[in-house]
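*Asks:* Here you go, sequence then predicted model.
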Amino acid sequence: MKKVIFIVFWMLMLFACKKKTEEIPSEPVEQVEDTSAEIREYLIRKGFNGFTFFEDNTYKYHTRTFGGDLDASGKYSIQDDILFLETCDTEERPIYETPYYTEMEIPGKYKVDLNKTELNHKGALINISTGDICWSYEYPASYEKIDVDGIECIRYPWGDENVPSEYILILENLKLRKTPSVTSDVVSVNGLSESGIGYYYDVRTIALAGQVCTIRAKTINEDIIDGITAPWYLIYAYGNDMWGMDADVVKAWVFGGYVKEIKAFEREDTEREYRPLLEQSIINLGGKLYSDEE
(Lines give C-alpha, C1' and ligand atoms only; values in the text may rest on other atoms or scores of the structure.)
Protein backbone atom coordinates (compact mmCIF):
# COMPACT_ATOMS: atom_id res chain seq x y z
CA MET A 1 0.00 0.00 0.00
CA LYS A 2 2.80 2.38 0.92
CA LYS A 3 4.44 1.67 -2.42
CA VAL A 4 1.27 2.63 -4.32
CA ILE A 5 0.92 5.86 -2.35
CA PHE A 6 4.57 6.73 -3.05
CA ILE A 7 4.12 6.21 -6.81
CA VAL A 8 0.93 8.28 -6.89
CA PHE A 9 2.67 11.08 -4.93
CA TRP A 10 5.51 11.35 -7.42
CA MET A 11 3.16 11.25 -10.39
CA LEU A 12 1.26 14.21 -8.94
CA MET A 13 4.52 16.09 -8.36
CA LEU A 14 5.66 15.53 -11.93
CA PHE A 15 2.27 16.68 -13.28
CA ALA A 16 2.42 19.86 -11.17
CA CYS A 17 5.97 20.67 -12.34
CA LYS A 18 5.01 20.14 -15.98
CA LYS A 19 1.99 22.42 -15.66
CA LYS A 20 4.07 25.12 -13.95
CA THR A 21 6.66 24.93 -16.72
CA GLU A 22 3.97 25.33 -19.36
CA GLU A 23 2.64 28.45 -17.61
CA ILE A 24 6.02 30.22 -17.71
CA PRO A 25 6.16 32.20 -20.98
CA SER A 26 9.28 31.50 -23.00
CA GLU A 27 11.65 34.38 -23.85
CA PRO A 28 10.95 35.74 -27.34
CA VAL A 29 13.64 34.90 -29.86
CA GLU A 30 15.11 38.06 -31.35
CA GLN A 31 14.54 38.18 -35.08
CA VAL A 32 17.50 39.63 -36.97
CA GLU A 33 16.34 41.27 -40.17
CA ASP A 34 18.31 40.16 -43.17
CA THR A 35 18.68 43.21 -45.42
CA SER A 36 21.06 41.64 -47.92
CA ALA A 37 18.25 41.13 -50.45
CA GLU A 38 17.27 44.81 -50.18
CA ILE A 39 20.85 45.93 -50.63
CA ARG A 40 21.30 43.65 -53.62
CA GLU A 41 18.12 45.02 -55.20
CA TYR A 42 19.28 48.61 -54.53
CA LEU A 43 22.69 48.04 -56.12
CA ILE A 44 21.18 46.35 -59.18
CA ARG A 45 18.54 49.04 -59.58
CA LYS A 46 20.64 52.15 -58.93
CA GLY A 47 24.27 51.13 -59.23
CA PHE A 48 26.94 52.70 -57.07
CA ASN A 49 29.56 55.23 -58.05
CA GLY A 50 30.88 53.88 -61.36
CA PHE A 51 29.56 50.37 -60.71
CA THR A 52 26.66 48.65 -62.46
CA PHE A 53 25.53 45.40 -60.84
CA PHE A 54 23.62 42.60 -62.57
CA GLU A 55 21.32 39.77 -61.48
CA ASP A 56 23.84 37.11 -62.52
CA ASN A 57 26.33 38.32 -59.87
CA THR A 58 28.54 40.16 -62.32
CA TYR A 59 29.41 43.85 -62.34
CA LYS A 60 30.81 46.42 -64.72
CA TYR A 61 32.69 49.58 -63.80
CA HIS A 62 33.29 52.73 -65.81
CA THR A 63 34.75 56.12 -64.96
CA ARG A 64 36.73 58.87 -66.61
CA THR A 65 40.20 59.72 -65.32
CA PHE A 66 42.85 62.18 -66.39
CA GLY A 67 44.52 59.33 -68.24
CA GLY A 68 41.36 58.31 -70.10
CA ASP A 69 38.41 55.98 -69.55
CA LEU A 70 38.71 53.17 -67.02
CA ASP A 71 36.60 50.05 -67.60
CA ALA A 72 36.53 46.88 -65.54
CA SER A 73 34.24 43.95 -64.85
CA GLY A 74 34.10 40.92 -62.59
CA LYS A 75 32.03 38.87 -60.18
CA TYR A 76 30.48 39.84 -56.87
CA SER A 77 28.39 38.38 -54.04
CA ILE A 78 26.49 39.87 -51.09
CA GLN A 79 26.02 38.32 -47.66
CA ASP A 80 25.12 39.95 -44.33
CA ASP A 81 25.32 43.43 -45.90
CA ILE A 82 28.87 42.71 -47.06
CA LEU A 83 29.72 43.18 -50.72
CA PHE A 84 32.47 40.84 -51.84
CA LEU A 85 34.14 42.00 -55.06
CA GLU A 86 35.54 38.63 -56.05
CA THR A 87 37.32 39.25 -59.35
CA CYS A 88 38.45 42.04 -61.66
CA ASP A 89 39.35 41.47 -65.30
CA THR A 90 41.95 44.23 -65.53
CA GLU A 91 45.12 45.08 -63.65
CA GLU A 92 43.90 48.68 -63.33
CA ARG A 93 41.36 48.58 -60.52
CA PRO A 94 38.28 50.75 -59.89
CA ILE A 95 39.13 53.80 -57.81
CA TYR A 96 38.02 55.54 -54.64
CA GLU A 97 37.01 59.18 -54.89
CA THR A 98 38.71 59.59 -51.49
CA PRO A 99 41.60 58.91 -51.04
CA TYR A 100 41.98 60.64 -54.38
CA TYR A 101 42.33 58.11 -57.20
CA THR A 102 43.41 55.27 -54.91
CA GLU A 103 42.74 51.88 -56.46
CA MET A 104 40.13 49.71 -54.77
CA GLU A 105 41.08 46.37 -53.26
CA ILE A 106 39.83 43.48 -55.41
CA PRO A 107 39.33 40.77 -54.26
CA GLY A 108 38.01 42.75 -51.32
CA LYS A 109 35.12 42.96 -48.87
CA TYR A 110 33.09 46.14 -48.41
CA LYS A 111 30.49 47.06 -45.82
CA VAL A 112 27.46 48.53 -47.60
CA ASP A 113 26.13 51.53 -45.64
CA LEU A 114 23.42 53.27 -47.63
CA ASN A 115 22.75 55.81 -44.85
CA LYS A 116 26.31 57.00 -44.28
CA THR A 117 26.64 60.67 -45.21
CA GLU A 118 29.07 63.47 -45.72
CA LEU A 119 28.65 66.86 -47.34
CA ASN A 120 28.40 65.70 -50.96
CA HIS A 121 27.43 62.04 -50.69
CA LYS A 122 24.93 59.63 -49.18
CA GLY A 123 25.77 55.93 -49.23
CA ALA A 124 29.17 54.28 -48.99
CA LEU A 125 31.13 51.12 -49.61
CA ILE A 126 33.57 50.86 -46.71
CA ASN A 127 36.64 48.66 -47.22
CA ILE A 128 36.62 46.31 -44.22
CA SER A 129 40.40 45.83 -44.21
CA THR A 130 41.52 49.45 -44.80
CA GLY A 131 38.53 51.66 -43.86
CA ASP A 132 38.76 53.49 -47.21
CA ILE A 133 35.40 54.71 -48.51
CA CYS A 134 33.90 54.49 -51.97
CA TRP A 135 31.09 57.07 -51.91
CA SER A 136 27.96 56.89 -54.00
CA TYR A 137 27.05 59.59 -56.50
CA GLU A 138 23.85 60.36 -54.59
CA TYR A 139 23.57 63.73 -52.85
CA PRO A 140 21.92 64.07 -49.44
CA ALA A 141 18.58 65.82 -49.67
CA SER A 142 18.30 69.53 -48.86
CA TYR A 143 17.89 70.15 -45.13
CA GLU A 144 18.68 66.51 -44.38
CA LYS A 145 20.69 65.73 -41.25
CA ILE A 146 24.18 64.66 -42.28
CA ASP A 147 27.52 63.81 -40.74
CA VAL A 148 30.47 66.00 -41.75
CA ASP A 149 33.72 64.64 -40.31
CA GLY A 150 31.85 63.36 -37.27
CA ILE A 151 29.85 66.59 -36.78
CA GLU A 152 26.05 66.49 -36.93
CA CYS A 153 24.80 69.13 -39.37
CA ILE A 154 21.91 70.16 -41.54
CA ARG A 155 22.82 70.18 -45.21
CA TYR A 156 21.73 73.32 -47.04
CA PRO A 157 20.37 73.22 -50.61
CA TRP A 158 23.28 74.43 -52.70
CA GLY A 159 23.40 72.75 -56.09
CA ASP A 160 19.79 71.58 -55.78
CA GLU A 161 17.85 72.39 -58.97
CA ASN A 162 14.53 72.42 -57.10
CA VAL A 163 15.52 74.38 -53.99
CA PRO A 164 17.38 77.72 -54.10
CA SER A 165 20.64 78.13 -52.21
CA GLU A 166 20.81 80.13 -49.00
CA TYR A 167 23.57 82.48 -47.90
CA ILE A 168 25.19 84.23 -44.98
CA LEU A 169 26.36 87.82 -44.90
CA ILE A 170 29.62 88.16 -42.94
CA LEU A 171 29.17 91.14 -40.59
CA GLU A 172 32.66 91.09 -39.03
CA ASN A 173 35.97 89.56 -40.07
CA LEU A 174 35.74 85.92 -38.97
CA LYS A 175 38.46 83.31 -38.69
CA LEU A 176 38.19 80.36 -41.04
CA ARG A 177 38.25 77.29 -38.80
CA LYS A 178 39.04 73.68 -39.66
CA THR A 179 36.32 72.46 -37.30
CA PRO A 180 33.43 74.31 -35.60
CA SER A 181 35.30 75.32 -32.46
CA VAL A 182 37.21 78.37 -31.23
CA THR A 183 40.06 76.03 -30.29
CA SER A 184 40.28 74.64 -33.82
CA ASP A 185 43.16 75.41 -36.13
CA VAL A 186 42.53 78.08 -38.73
CA VAL A 187 42.66 77.24 -42.42
CA SER A 188 44.19 79.45 -45.07
CA VAL A 189 43.32 80.31 -48.63
CA ASN A 190 45.52 82.00 -51.21
CA GLY A 191 44.17 85.39 -52.10
CA LEU A 192 40.63 86.65 -52.44
CA SER A 193 38.16 85.97 -55.20
CA GLU A 194 35.50 88.68 -55.38
CA SER A 195 34.60 89.19 -59.00
CA GLY A 196 34.21 92.82 -60.04
CA ILE A 197 35.21 94.29 -56.65
CA GLY A 198 38.85 93.82 -55.81
CA TYR A 199 41.64 91.39 -55.18
CA TYR A 200 44.25 90.28 -52.66
CA TYR A 201 47.09 87.90 -53.48
CA ASP A 202 48.52 86.96 -50.09
CA VAL A 203 47.41 84.17 -47.76
CA ARG A 204 44.36 84.94 -45.62
CA THR A 205 42.74 83.06 -42.73
CA ILE A 206 39.58 85.14 -42.43
CA ALA A 207 36.25 85.62 -44.12
CA LEU A 208 35.90 89.35 -44.79
CA ALA A 209 33.16 91.56 -43.42
CA GLY A 210 30.78 92.31 -46.28
CA GLN A 211 31.21 88.97 -48.03
CA VAL A 212 28.16 86.91 -48.98
CA CYS A 213 28.88 83.18 -48.80
CA THR A 214 26.83 80.16 -49.80
CA ILE A 215 25.81 78.01 -46.83
CA ARG A 216 26.92 74.42 -47.32
CA ALA A 217 25.85 73.14 -43.90
CA LYS A 218 24.99 74.34 -40.40
CA THR A 219 25.77 72.60 -37.12
CA ILE A 220 22.90 71.25 -35.07
CA ASN A 221 24.66 72.07 -31.81
CA GLU A 222 25.23 75.71 -30.89
CA ASP A 223 28.08 77.40 -29.05
CA ILE A 224 28.11 80.41 -26.74
CA ILE A 225 30.86 82.86 -27.69
CA ASP A 226 31.06 86.40 -26.31
CA GLY A 227 27.64 85.82 -24.80
CA ILE A 228 26.12 85.00 -28.20
CA THR A 229 24.49 81.62 -28.79
CA ALA A 230 24.69 80.49 -32.41
CA PRO A 231 25.53 77.55 -34.68
CA TRP A 232 28.54 77.28 -36.97
CA TYR A 233 28.28 77.54 -40.75
CA LEU A 234 30.26 75.55 -43.27
CA ILE A 235 31.32 77.60 -46.31
CA TYR A 236 33.86 77.44 -49.12
CA ALA A 237 36.48 80.19 -49.09
CA TYR A 238 37.65 81.04 -52.61
CA GLY A 239 41.07 82.42 -53.49
CA ASN A 240 42.62 83.66 -56.70
CA ASP A 241 45.93 84.21 -58.38
CA MET A 242 47.56 87.16 -60.13
CA TRP A 243 45.45 86.50 -63.23
CA GLY A 244 42.21 86.63 -61.24
CA MET A 245 41.52 82.90 -61.59
CA ASP A 246 39.91 80.81 -58.82
CA ALA A 247 43.13 79.03 -57.97
CA ASP A 248 42.37 77.93 -54.40
CA VAL A 249 39.30 76.72 -52.55
CA VAL A 250 39.10 75.60 -48.91
CA LYS A 251 36.28 74.23 -46.79
CA ALA A 252 35.94 76.25 -43.59
CA TRP A 253 33.70 76.88 -40.59
CA VAL A 254 32.68 80.32 -39.35
CA PHE A 255 30.82 81.15 -36.14
CA GLY A 256 27.23 82.21 -36.71
CA GLY A 257 27.09 84.87 -34.05
CA TYR A 258 28.40 87.51 -36.46
CA VAL A 259 26.56 86.59 -39.65
CA LYS A 260 23.12 87.12 -41.08
CA GLU A 261 21.23 84.46 -43.02
CA ILE A 262 19.76 85.66 -46.32
CA LYS A 263 17.61 84.00 -48.96
CA ALA A 264 18.43 83.73 -52.65
CA PHE A 265 16.08 86.57 -53.60
CA GLU A 266 17.84 88.86 -51.10
CA ARG A 267 21.36 88.18 -52.31
CA GLU A 268 21.71 90.82 -55.04
CA ASP A 269 20.35 93.67 -52.91
CA THR A 270 22.43 92.57 -49.91
CA GLU A 271 25.66 92.47 -51.92
CA ARG A 272 24.93 95.93 -53.28
CA GLU A 273 24.13 97.35 -49.83
CA TYR A 274 27.23 95.88 -48.16
CA ARG A 275 29.68 96.44 -51.00
CA PRO A 276 31.25 99.49 -49.26
CA LEU A 277 31.93 97.32 -46.18
CA LEU A 278 33.56 94.63 -48.31
CA GLU A 279 35.65 97.19 -50.19
CA GLN A 280 36.92 98.61 -46.91
CA SER A 281 37.70 95.08 -45.69
CA ILE A 282 39.76 94.43 -48.83
CA ILE A 283 41.69 97.68 -48.34
CA ASN A 284 42.29 96.92 -44.65
CA LEU A 285 43.64 93.51 -45.63
CA GLY A 286 46.13 95.14 -48.00
CA GLY A 287 44.30 94.41 -51.21
CA LYS A 288 43.33 96.60 -54.12
CA LEU A 289 39.99 97.68 -55.54
CA TYR A 290 39.32 97.44 -59.25
CA SER A 291 37.88 100.96 -59.14
CA ASP A 292 41.29 102.30 -58.08
CA GLU A 293 42.79 101.09 -61.34
CA GLU A 294 40.25 102.70 -63.65
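*Replies:* Yep, it's here.
*Asks:* ok, V259 to T183 distance?
*Replies:* 20 Å (Cβ to Cβ, to the nearest Å). All C-beta atoms are positioned from the backbone trio N, CA, C, and that covers glycine.
*Asks:* hey, what's the nearest residue to Y143 once chain neighbours are set aside bridged with?
*Replies:* Closest residue to Y143 apart from its sequence neighbours, by Cβ to Cβ, 6 or more residues apart in numbering: I154 at 5.8 Å. Following DSSP bridges, I154 is listed with bridge partners K145, K218.
*Asks:* For I154, which residues are in contact?
*Replies:* Residues counted as contacts of I154 (Cβ atoms under 8 Å, 6 or more residues apart in numbering) are 143-146, 217-218, 220.
*Asks:* Any chance of the backbone angles for I128?
*Replies:* Here is the backbone geometry of I128 (degrees, to the nearest 10): phi -70, psi -30.
*Asks:* pretty sure it contacts D80?
*Replies:* No: the pair formed by I128 and D80 falls short of the contact definition of Cβ atoms under 8 Å, at 11.5 Å.
*Asks:* okay, these two: which has more neighbours?
*Replies:* Remark: of I128 and D80, I128 carries more neighbours, 15 against 11, as counted by other Cβ atoms under 10 Å.
*Asks:* For V112, see how far away the more buried one is.
*Replies:* Distance, I128 to V112, by Cβ to Cβ: 11 Å.
*Asks:* what do those two both touch?
*Replies:* I82.
*Asks:* Which is the succeeding secondary structure element to the strand or helix carrying I168?
*Replies:* Applying DSSP states H and E as the criterion places I168 in strand 167-170. The first helix or strand that comes after strand 167-170 along the chain, using DSSP H and E, is strand 174-175.
*Asks:* Which strands and helices lie in contact with that following strand?
*Replies:* Secondary-structure packing of strand 174-175 (3 or more Cβ pairs under 8 Å, 6 or more residues apart in numbering; DSSP states H and E): strand 206-207, strand 248-255.
*Asks:* Just tell me which of the ones you listed ends up closest to I39.
*Replies:* I39 sits nearest to strand 248-255 of all those, at 30.5 Å, using Cβ to Cβ.
*Asks:* same for the closest one, what does it pack against?
*Replies:* strand 174-175, strand 189-194, strand 232-239.
*Asks:* weakest of those by average pLDDT?
*Replies:* Least confident of those, judged by mean pLDDT, is strand 189-194 with a mean of 83.
*Asks:* any weak-confidence spans in the stretch 51-200 of the chain?
*Replies:* Residue ranges of the stretch 51-200 of the chain with pLDDT under 70: 66-67, 98-100, 195.
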